[in-house]
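Trainee: Provide a 3D model corresponding to the input given below.
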Amino acid sequence: MLERDSSASCLTVINMSNEGIRILAICLLVPATALLLSLVLTHAIIPVLLYFGMSDKPGNRHIHDTELARGGGIAIMVAFLGITAAYAYFGRDIGLCKPDWTSLKIFIPLAILMPLGIIDDKFRLPAKVKFIFQIITAAFAWYLGVHIDLHAKCHIATSISAFLTIFWITAMINAFNMIDGVDGLAGGIGAISAIALAFITWFTGSRFNALILLILAGALVGFLYYNWHPAKLFMGDTGSMCIGYILGVAGLNATCQIATISAVVIPILVCGVPVLDICFAVWRRIINPVQEDPEHHENILKRLIKHLIALGKADKDHIHHRLLDFYHKNQRKTVSNIYLLAIVMACVGISILFIPPRLWWLAFIIVFASIAICIYRYANIELWHSTEIVYKNYEKPRFGLLLNVLNPIWDVFVCIAAFIIARDRLDLLETAFFIVPLFVVIIFSRTYSVFWNYPSTEEYFRLLVTVVGAFAISAIFNAIFQFYSFTFREFIAATAIADAAIVGERMLFHALRMALVRQHISATYADTTPNIVTLLCGICPQGRMYVNSVMIDIGRAGRENIIGFITCDKRYSHSYCYGLRVLGTLEDLAQIHEKHRLGKIVVCADNFQPQEREKLMEFCKKHDIRLTQYRCTEVDYS
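Mentor: Numbers count the residues shown, from 1 in each chain. As a prediction, the model looks like this:
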């Protein structure tokens, strides 16, 4: 009996092993066939494209030096669709990765995109015309069953579902179209995203859809042989738009089986580089018209039209352009760095699959942290221009009024979220009984009378105490009338969350402004103009006021880099005062200058001895350093 059981288990293991080998063989051989077919077709299509005049000539926004064929996406799509169709037909009897004909209907809209891309590669269609057909293609996909409400596991209104689906697919089409600016970039990013989505799709149980994505990756790798720098041809809009469409649709389908709210962020991360680049482009093109006319003399309609027109304008400020400048036109280094970024973001997207559903908030923290790092690293131009606009409007009363309108909305949202998180359940009636008395207390405090673009430290402390008091009063009120039970632990948790979020939001503007200025000063890509290296002499409130005066003035903040203080008192050395490092005393001045190459020294304190002043003046004269004194004095107005 034991021998029979042992034999049966051995046969099961062998069958499972054979099944795994067959699956592996299919997942390797089928994409490899697409790779070889793409390689052959790409080689064959180059003279054909040149014969029909489908080529890119040097100049304008192009970075290549010779005329190259444009339209290699035709070879990619023929190889991809051909191998997919062949497997769907001949693989009907295969039990593993069995073809699903209903999955193939999502490729029907490619009948719109492919001819559109070919025509554009030949005749250069206006952006408006392409955009209209892209929307039609996305709408067709939605009609065929690609719905974002299925993906988010929530039933929303049909009109909202249609809008979000069309928006996502259209954005992905344009995103891959925008990153196709350096040899091998769009093809490599497409292959990385396709492999990551294939893993996710396989994990959710759809083997055939995963195989389709691997076929796409194979076709893209075959094309890369001729598109890697120095490229022999470009994929053109035929390839970039179709790749964006396929990955956009696959991103929705890949996560439709994941029954967690965190699933919504997976496609954003897996296709992270194109998504970031198009977001930066839209952000940049909205900001630029505002910068050109900071006073906003036109009426609202004219400004809106100006912004919409700006969205269609091409520029050379994409991520790959900035890295290309940084690496001195070295395309291989540029592409390799962007590949690495794409791989990291794809891995982060895949890791979200393994986060338990109850920790859905952790997925969003990971996404926000990843995007914040990318913005800090790559969005120098957009951040700096945005900061400029904030600076120009920061002192205006209407900015303070706007904050006072938005703050209550934020406070209500935060208090509700804190209550729900602390109690780990949602009850609308209990939440209402908790929020109403709490918010009444906050309203009757002076919180909403403060202009939070000019707060004092006391205002922050008063807000902190007000929120704690409001939570306590609300908890006592509900305990008396017994609307619900609220434990001390839940009270502490809710209060801490709300305090951190409410006070943190108020402090955000000042902290963000300072951080952006410092980040811009050390920016690698945004501005290569040398800054004046400034050293403050003397630790006193006037030094703090000088730092604030520089940070308030957007022009000076971008051209003056304050590195720290020097002082007469050795006890301050190598500590931090007013957020700046104390670099030493007057004795260390030569060493500091040798390291930082000072351009200006500002004397802020009046407690220097005559011999110290003479020593300082002599040093500045010898090394051609500008020496100034900063004073805050009261004078007669008359």
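Trainee: contacts, neighbours, all on C-alpha from now
Mentor: Will do.
Trainee: Quick check: end-to-end length of stretch 616-633?
Mentor: End-to-end distance of stretch 616-633: 23 Å, with Cα to Cα, to the nearest Å as the criterion.
Trainee: what do you get for stretch 478-496?
Mentor: With Cα to Cα as the measure, stretch 478-496 spans 19 Å from end to end.
Trainee: List the buried residues of that stretch.
Mentor: The neighbour-count check on stretch 478-496 (16 or more other Cα atoms under 10 Å) flags 478, 486, 490-491, 493-496 as buried.
Trainee: Touching the top strand by length along the chain from outside, list them.
Mentor: The strand that spans the most residues within the chain, counting by DSSP state E, is strand 560-567. Residues outside strand 560-567 that contact it (Cα atoms under 8 Å, 6 or more residues apart in numbering) are 521, 531-539, 547, 550, 573, 580-586.
Trainee: For the chain, which residue occupies the most central location?
Mentor: Centroid-nearest residue in the chain, with Cα atoms, centre = their mean: Ile371, separated by 3.8 Å.
Trainee: quick one: Ser456 from Val550, how far?
Mentor: 19 Å.
Trainee: neighbour count winner among those two?
Mentor: More crowded of Ser456 and Val550, by other Cα atoms under 10 Å: Val550, with 17 against 11.
Trainee: What confidence value was assigned to that one?
Mentor: Per-residue pLDDT puts Val550 at 79.
Trainee: Would you confirm that the residue nearest to the centre of the chain belongs to a helix?
Mentor: Yes - under DSSP: H, G, I helix; E, B strand; the rest coil, Ile371 falls within a helix.
Trainee: how about it, what does it touch?
Mentor: The contact partners of Ile371, taken as Cα under 8 Å, 6+ apart, number zero.
Trainee: sorry, back to before: for Pro58, state which of the buried residues of stretch 478-496 is nearest.
Mentor: Taking Cα to Cα as the measure, Pro58 lies nearest Ala496 of the buried residues of stretch 478-496, at 59.5 Å.
Trainee: Following element in sequence after the helix or strand where the closest one lies, please.
Mentor: Ala496 belongs to helix 488-521 when elements are defined using DSSP states H and E. Following helix 488-521 in sequence order, the next helix or strand is strand 532-537 (DSSP H and E).
Trainee: Give me the helices and strands touching whichever helix or strand comes after that next one, please.
Mentor: Note on strand 532-537: by DSSP H and E, the next helix or strand toward the C-terminus is helix 541-552. Applying 3 or more Cα pairs under 8 Å, 6 or more residues apart in numbering; DSSP states H and E, we find helix 541-552 packed against helix 554-557.
Trainee: What mean pLDDT does the helix it packs on get?
Mentor: Averaged across helix 554-557, pLDDT comes to 63.
Trainee: repeat for stretch 145-163
Mentor: The average pLDDT within stretch 145-163 is 71.
Trainee: and the end-to-end length of it?
Mentor: This stretch, stretch 145-163, spans 14 Å end to end (Cα to Cα).
Trainee: Stretch 446-455 too?
Mentor: For stretch 446-455, the first-to-last residue distance is 12 Å (Cα to Cα).
Trainee: could you give me the average pLDDT of that stretch?
Mentor: Here the average pLDDT along stretch 446-455 is 72.
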